[in-house]
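**Q** Structure for the following, please:
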Amino acid sequence: MSDPDAEFELYELDVIVEQITGTCTCAMTVGDYVRIRGGRFSLPEVDGFCLFALGSVLALLPAKQRQSDPADWMETDTRATCPDPACGLIMRIDRREPKRFRHGDVSAQ
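**A** Prediction:
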């Protein structure tokens, strides 16, 4: 069992619409973004974010929140695409400042 007072760091992330080369039927625009803080996400300044585009990056986000080896592709690759080929939406995952968390605040164990 882990120490509930043990601390660790996770980067905050922004998932930003960087480019749209097709027709986005979800009304996304370049610059729209969601912010990831720990295990939560928020929509700071947009009305919404395409569920399908967000779904295409969800599995990457926990790894992007953590520091990896500098040679790991997770450190260097920052872009993902919407799964709708007619959309052509490209997102960039930007790391922001790291935040400290307590194990006991994020786990029941």
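**Q** switch to C-alpha atoms for all contacts and neighbour counts from now on
**A** Will do.
**Q** those strands in the protein, which residues are they?
**A** Counting by DSSP state E, residue ranges of the strands within the chain are 7-20, 33-37, 40-42, 79-81, 89-102.
**Q** Which strands or helices does the second one pack on?
**A** The elements that strand 33-37 packs onto, with contact taken as 3 or more Cα pairs under 8 Å, 6 or more residues apart in numbering; DSSP states H and E, are strand 7-20, strand 40-42.
**Q** got a list of what the closest residue to Phe41 other than its chain neighbours touches?
**A** Closest residue to Phe41 apart from its sequence neighbours, by Cα to Cα, 6 or more residues apart in numbering: Arg35 at 5.4 Å. Arg35 is in contact with Glu12, Leu13, Asp14, Val15, Phe41, Ser42, Leu43, Pro44, counting by Cα atoms under 8 Å, 6 or more residues apart in numbering.
**Q** pLDDT added to those residues, as TSV?
**A** As requested, the contacts of Arg35 are exported to TSV (pLDDT from 0 to 100):
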residue	pLDDT
Glu12	96
Leu13	97
Asp14	96
Val15	96
Phe41	88
Ser42	89
Leu43	85
Pro44	80
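**Q** In PyMOL, how would I select just the buried ones from these?
**A** Applying 16 or more other Cα atoms under 10 Å to the contacts of Arg35, the buried members can be selected in PyMOL as follows:
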select buried, resi 12+13+14+15
